[in-house]
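1. sequence and predicted model, in that order:
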Amino acid sequence: MRPVRPRISVVVPVKDDAEQLRGCLAALAAQRRAPDEVLVVDNASADDSAAVALAGGARVERCDETGIPAAAAHGYDLASGDLILRLDADCRPGAGWVETMERAFAERPDVAVLTGGARFVDGPWALRAPLAALYLGTYAAAGVSALGHLPLFGSNLAFRREAWEEIRGIVHREDAELHDDFDLAFHFGERHRIRYVPRTAMGMSMRPFTSASGFRRRMARGMRTVLVHWPDSFPPWRWRRLAERRRDAVRGTAREAPAAT
């Protein structure tokens, strides 16, 4: 009997980014393992992002609440997949992205959340690799120090539906000045295993880093995300709560086990 394949949804939040979205949807259409659903969340765009999404075969849902946290969470709520994959409109996934994530979940049933890296696909050619390494390396180092575990990268992210349903009521979807992936990392990481998936072949635009004001805004959002969660989410405190939950789970399993005869 062949195993039942999970249903896979890809969520793409977008605001006024029609041309980049067109390229993203083309890359998703070229996947070796086609997603069962591509859900584009239109965050009240003034351009033709919604029309581009429909033309690209995506399901389109509108979110009028401002900000990526609200739009992304709205998409996760409405996604029908057993596995929910997330990327941004300016991303270009390699042809094996969906397939790689599906395989990683199958190989690690104990893991609820996966994240990967990315490379720049525009900007000065000579700077693409070193700047991507610097950016992602700095993000990982800062994230680990704040979280006590791997951070999540919103341009290359996947999780199981049941994990989302557990935290959907406590994520900070109403705050447009947070990094939604960093916020997810706080909530997922306290309850579930997060693992990094190498070689996921994700491309992304260098656009957010081409202006000093844009870069400063990203840094400010990162700091705000940390401050919203601390001190309650200071790593040692979170580790203690995680240890207590695991201990309680072991005790519960022991109580449910049938007595030896």
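-> On my side now, so go ahead. Numbering: from 1, shown residues only.

2. what about the residue nearest to E166 when sequence neighbours are not counted, neighbour count?
-> Of all residues not flanking E166 in the chain, R191 sits nearest, at 6.2 Å (C-beta to C-beta, 6 or more residues apart in numbering). The C-beta positions use only the backbone N, C-alpha and C, and glycine is treated the same way. For R191, the count of nearby residues is 15 (other C-beta atoms under 10 Å).

3. so who does R191 touch?
-> By C-beta atoms under 8 Å, 6 or more residues apart in numbering, the contact set of R191 is 112, 163, 166-167, 242, 245.

4. which of those fall within helices?
-> Counting by DSSP state H, the contacts of R191 place 163, 166-167, 242, 245 in helices.

5. so the closest residue in space to V14 that isn't next to it in sequence, which of the three states?
-> Closest residue to V14 apart from its sequence neighbours, by C-beta to C-beta, 6+ apart: A89 at 4.3 Å. Judged by DSSP: H, G, I helix; E, B strand; the rest coil, the three-state class of A89 is coil.

6. for stretch 201-221, which positions count as buried?
-> For stretch 201-221, burial by neighbour count (16 or more other C-beta atoms under 10 Å) applies to 201-206, 209, 221.

7. end-to-end on it?
-> Stretch 201-221 stretches 26 Å from its first residue to its last (C-alpha to C-alpha, to the nearest Å).

8. coming back round to it: just checking, the residue nearest to V14 touches E19?
-> No. Taking contacts as C-beta atoms under 8 Å, A89 lies outside contact range of E19: 9.2 Å.

9. the more surrounded of the two?
-> Under the criterion of other C-beta under 10 Å, the comparison of A89 against E19 puts A89 first, with 24 against 13.

10. in stretch 78-97, what's buried?
-> 79, 81-94, 97.

11. coming back round to it: per-residue pLDDT, the residue nearest to E166?
-> Note on R191: pLDDT of 89.

12. look up phi and psi at it.
-> Backbone torsions of R191, given as degrees, to the nearest 10, read phi -120, psi -20.

13. flag whichever of the buried residues of stretch 201-221 scores worst on pLDDT.
-> For the buried residues of stretch 201-221, the pLDDT minimum is F209, 73.

14. gap between it and M202?
-> 16 Å (C-beta to C-beta, to the nearest Å).
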